[in-house]
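Visitor: what's the 3D shape of this:
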Amino acid sequence: LTSNLACPTGNPATSNTVTMTVNSTLPVSVAIAASSNPVCSGSSVTFTATPTNGGTLPAYQWKVNGVNAGTNSSIYSYIPLNNDAVTCVLTSNTSCATGNPATSNTVTMTVNSTLPVSVAIAASSNPVCSGFSVTFTATPTNGGTLPAYQWKVNGVNAGTNSSTYSYIPLNNDAVTCVLTSNLACQTGNPTTSNTVTMTVNSMLPVSVTIAASSTNICSGNPVTFTATPTNGGTNPFYQWQVNGTNAGTNSTTFSYMPVFNDAITCVMTSNANCASGNPATSNEITLTVNPDLPVSVTIGASSNPVCTGNTVTFTATPFNGGSAPTYQWQVNGINAGTNNSTFSYIPLNNDAVTCKLTSNAACATGNPANSNMITMAVNSSLPVSVATNVSSNPICSGNPVTFTATPTNGGTTPTYQWLVNGVSVGTNSPTYSYIPLNNDAVTCLLTSNATCATGSPAISNQIVMSVTQTIHISVDISASTSQVCEGTSVTFTATPTNGGTAPSYQWQVNGVNAGTNSPTFSYSPSNKDSVVCILTTDPVCAVGSPATSNMLTMIVNAIPSAPVVTLSHDTLSSTSASGNQWYTTTGLIPGATSQRYVVTSDGLYWSKVTSNNCTSANSDTVNVVLTGIEGHAVNSIIEVYPNPNSGQFNVAIMTTMEKHFDLLIYHSLGSLVYEEKGLVVNGNFEQNVDISSLPSGIYYLIFRNSDGDILRKIILEK
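Guide: I've put the predicted structure just below:
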């Protein structure tokens, strides 16, 4: 909106947005179905309406033949009449409905009237002759799709549930049938049929004999046969048969031209009542007839197909050729060969060979006769070869391999002979398996059964086996020492056997993986640690990988404690009864290994103790002064405290007279780290010392003057 008002604000202004919801139109429809259709007269039927897009409260109007019926419900029940047309009109209350109200499909009712049930029976014959079976047939009315039948003879149930019943009746037997219908809408069910009363007559034996005008004739001459009946009745029927096949007409005589061994009979059917053995078959007359001799000839080839350049012999087999038949061979319709039952030549591919036979036999027919045709298949030569391959080469000793032969032109069933180093082995098979030795030479000899094979038997390529001996993997380990002092590193070395180009090492300590993939492994063991190495390797034909080495059990000795050294006059004493070694600033004192050592010169002295090859740390250093202030006397008048300390401590010394000292502090490695000169001591003296800037360790403090040195060990701990 753009306002023309004076002094407007927010001009022009845009209104709120109205978003439209447009619903799709919903086509309304309804389909109805009947609970039964067709139904029997008087039966109620329920109709059900199924709406589409009927909404939440659809309205239903049922109609019968266009007239409103029923109530506003999706179902409607009533008793219909035949051809009633039922529909339903649906009025939907849904939004956007189209085609509303909608009319359903029409259901046109088929209402069947009730049907009376009845059954009639009839006999296949009545009267009948004694001993003959009669079949009774029931004809139901409104029996339904599966009627049930109960036959009765003289009121007693008989037969099975069937529309027919057969049995051999007696005279005056009364037969009925009770029908039970399964038809819908039927009445009078079950119903009983009419009664059939049987008339049974006695039997008359029927027979017939025949005779021939001649029984030994020539081919082409007719013979007449005559039949004589017994109990034939007033009008018997005659059926003549030749070799079991009907012939002639209904007559007491029959004439025809027989052939050799024809067998003639006559079957007479009597029209007498109760004839037994009816129809009756006569005696059989077998005729001797000198037959015509049909002439024929068949030919066969010695080989077909054949290979190029091979001779083929054809043989003619005559039938009724007489004592001196004549033969005319033909190749592709052109006369060839001589007057002989055989003919040989070198054929070409597709040559057509026949033979014409002329018989000299009496009564020969179809003379001369042409043989069958043989069309020659001439094949080109097929070169035979065979190639072999092996499943694996080279291999490790003791492993089987399989050789496979691949033939060329081997035929349908080629023969295989395997050879190892020229000696026959294996069976007749395109494969051969065995455990080879090094340099075994394997070949295969192929014999082809292919037509026109050349170069058979054929020898294959030779495969020379490369067999590598199996090698066993092992590993031994050794230690730089088997007995160490605690805290000492030991190096273990693995020596593999057949380790290959890139062996893998896994060290284990007490069964737990340790170290890296290396042939050496170093660590500081504990007492009784068990060390092994597992070797995994990749050489060809290796067995036993991974291999576990021998086990090394470590002996780790404890490091003895540093001894405490005391000085009495000129004698140094160690607290350790054994294993001592005395030292001075010039080094180890040879032979000074007793618990006590008598000092012969001034200096700094200390001791170490060795037990099980493990040496202790140095004892405190004792400054021995054989003149002036004795070491033990001087030591008794100086104190350092606290000790150990963090680098700040006090030094206290007492003298009985004025003395001058230098205060020196040395690192345990011998370097001077602190120095203060010209201290004057007369009586009690105490001074604070600060070496906190130095690293933790062992230091030695020395008071020095012309009388000698006073030494104290200081332990600096941070």
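Visitor: Can you list the low-confidence ranges for this protein?
Guide: Where the chain drops to pLDDT under 70, the residues are 218, 626-637, 668-670.
Visitor: backbone phi and psi for the most centrally placed residue in it, please?
Guide: Compute the mean C-alpha point of the chain, and by C-alpha atoms, centre = their mean the closest residue is residue 391, 24.5 Å away. Per-residue torsions, residue 391: phi -60, psi -30 (degrees, to the nearest 10).
Visitor: Let me see the contact set for it.
Guide: Residue 391 makes contact with 401-404, according to C-beta atoms under 8 Å, 6 or more residues apart in numbering. C-beta coordinates here come from the backbone N, C-alpha and C atoms, glycine included.
Visitor: And for residue 402?
Guide: Residue 402 sits in contact with 390-391, 431-433, where contact means C-beta under 8 Å, 6+ apart.
Visitor: Return the subset of the residues you listed lying in helices.
Guide: Here DSSP state H is the test, and the contacts of residue 402 give no hits in helices at all.
Visitor: Filter these down to the buried ones.
Guide: residue 432 (16 or more other C-beta atoms under 10 Å).
Visitor: and the contacts of residue 402, which of them are in strands?
Guide: 390, 431-433 (DSSP state E).
Visitor: Pick out whichever of those residues sits closest to residue 646.
Guide: The nearest member of these to residue 646, counting by C-beta to C-beta, is residue 390 at 81.9 Å.
Visitor: any idea how far the spatially closest residue to residue 300 that is not a sequence neighbour lies from residue 334?
Guide: The shortest distance from residue 300 to any non-neighbouring residue, by C-beta to C-beta, 6 or more residues apart in numbering, is to residue 315 (5.5 Å). Residue 315 is 20 Å from residue 334, where distance means C-beta to C-beta, to the nearest Å.
Visitor: More neighbours: these two, which one.
Guide: residue 315 (15 against 7; other C-beta atoms under 10 Å).
Visitor: how far away is that one from residue 302?
Guide: From residue 315 to residue 302 the distance is 8 Å (C-beta to C-beta).
Visitor: go on, residue 330?
Guide: 18 Å.
Visitor: Among those two, which residue is more densely surrounded?
Guide: residue 330 (18 against 13).
Visitor: was I right about the more buried one contacting residue 343?
Guide: No: counting by C-beta atoms under 8 Å, residue 343 is not a contact partner of residue 330; they are 9.5 Å apart.
Visitor: shared neighbours of these two, which are they?
Guide: The contact sets of residue 330 and residue 343 overlap at 336, 353, 355 (C-beta under 8 Å, 6+ apart).
Visitor: Show the buried residues in those residues.
Guide: 353, 355.
Visitor: wait, which of the shared contacts of residue 330 and residue 343 is closest to residue 482?
Guide: Of all the shared contacts of residue 330 and residue 343, residue 482 sits closest to residue 353, with 101.3 Å by C-beta to C-beta.
Visitor: sorry, back to before: want to throw the shared contacts of residue 330 and residue 343 into TSV with distance to residue 581 and secondary structure?
Guide: Listed next are those as TSV, based on distance: C-beta to C-beta, whole Å; DSSP: H, G, I helix; E, B strand; the rest coil:
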residue	distance to residue 581	secondary structure
336	129	strand
353	124	strand
355	130	strand
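Visitor: Columns distance to residue 277 on top of the shared contacts of residue 330 and residue 343, output as TSV?
Guide: Converted to TSV, the shared contacts of residue 330 and residue 343 look like this (distance: C-beta to C-beta, whole Å):
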residue	distance to residue 277
336	66
353	61
355	56
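Visitor: tell me which of the shared contacts of residue 330 and residue 343 is nearest to residue 588?
Guide: residue 353 (124.4 Å).
Visitor: Please name the residues that touch that closest one.
Guide: Per C-beta under 8 Å, 6+ apart, neighbours of residue 353: 299, 301, 314, 329-331, 343, 347, 373-376.
Visitor: Produce a PyMOL select command limited to the buried residues of the contacts of residue 391.
Guide: For the buried members of the contacts of residue 391, the matching PyMOL selection, counting by 16+ other C-beta under 10 Å, is:
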select buried, resi 401+403
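Visitor: Next step: the contacts of residue 391 restricted to strands.
Guide: Per DSSP E, these map to strands at 401-404.
Visitor: quick one: which of the residues you listed is nearest residue 100?
Guide: Comparing these against residue 100 with C-beta to C-beta places residue 404 closest, at 81.9 Å.
Visitor: from memory that closest one sits against residue 433, does it?
Guide: No: contact criterion C-beta under 8 Å: residue 404 and residue 433 do not qualify, at 9.9 Å.
Visitor: Now name the helix or strand holding the residue nearest to residue 425 when sequence neighbours are not counted.
Guide: Nearest residue to residue 425, sequence neighbours excluded (C-beta to C-beta, 6+ apart): residue 418, at 5.1 Å. For residue 418, the host element (DSSP states H and E) is strand 415-420.
Visitor: Give me the contact list for that strand.
Guide: Contacts for strand 415-420 (C-beta under 8 Å, 6+ apart): 403, 405, 424-426, 428-430, 432, 434, 436, 440-447, 449, 457.
Visitor: Tell me the buried residues in that strand?
Guide: For strand 415-420, by 16+ other C-beta under 10 Å, it's 416-420.
Visitor: and if you look at stretch 130-144?
Guide: For stretch 130-144, using 16+ other C-beta under 10 Å, the buried residues are 134, 136, 138, 140-144.
Visitor: now stretch 355-372
Guide: 355-359, 361, 364, 367, 369, 371.
Visitor: Now residue 65, what are its backbone angles?
Guide: In terms of degrees, to the nearest 10, the main-chain angles of residue 65 are phi 60, psi 40.
Visitor: what's near enough to touch it?
Guide: Applying C-beta under 8 Å, 6+ apart, one finds that residue 65 lies in contact with 84-85.
Visitor: mind checking how far it is from residue 649?
Guide: Taking C-beta to C-beta, one finds residue 65 at 131 Å from residue 649.
Visitor: for residue 376, same thing?
Guide: 129 Å.
Visitor: Please, where are all the helices along this structure?
Guide: Using DSSP H, helices in the chain cover 631-635.
Visitor: contacting residues around residue 682?
Guide: 655, 657-659.
Visitor: For those, give me JSON lines that also has neighbour count and distance to residue 686.
Guide: Formatted as JSON lines, the contacts of residue 682 follow (neighbours: other C-beta atoms under 10 Å; distance: C-beta to C-beta, whole Å):
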{"residue": "655", "neighbour count": "18", "distance to residue 686": "13"}
{"residue": "657", "neighbour count": "7", "distance to residue 686": "18"}
{"residue": "658", "neighbour count": "9", "distance to residue 686": "16"}
{"residue": "659", "neighbour count": "17", "distance to residue 686": "15"}
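Visitor: Serialize those residues to JSON lines and add fields for distance to residue 256.
Guide: Shown next, in JSON lines, are the contacts of residue 682 (distance: C-beta to C-beta, whole Å):
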{"residue": "655", "distance to residue 256": "178"}
{"residue": "657", "distance to residue 256": "184"}
{"residue": "658", "distance to residue 256": "183"}
{"residue": "659", "distance to residue 256": "178"}
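Visitor: What about those, which are in strands?
Guide: Going by DSSP E, the strands hold residue 659 from the contacts of residue 682.
Visitor: wait, which of the contacts of residue 682 is closest to residue 704?
Guide: Relative to residue 704, and with distances defined as C-beta to C-beta, the nearest of the contacts of residue 682 is residue 659, at 11.0 Å.
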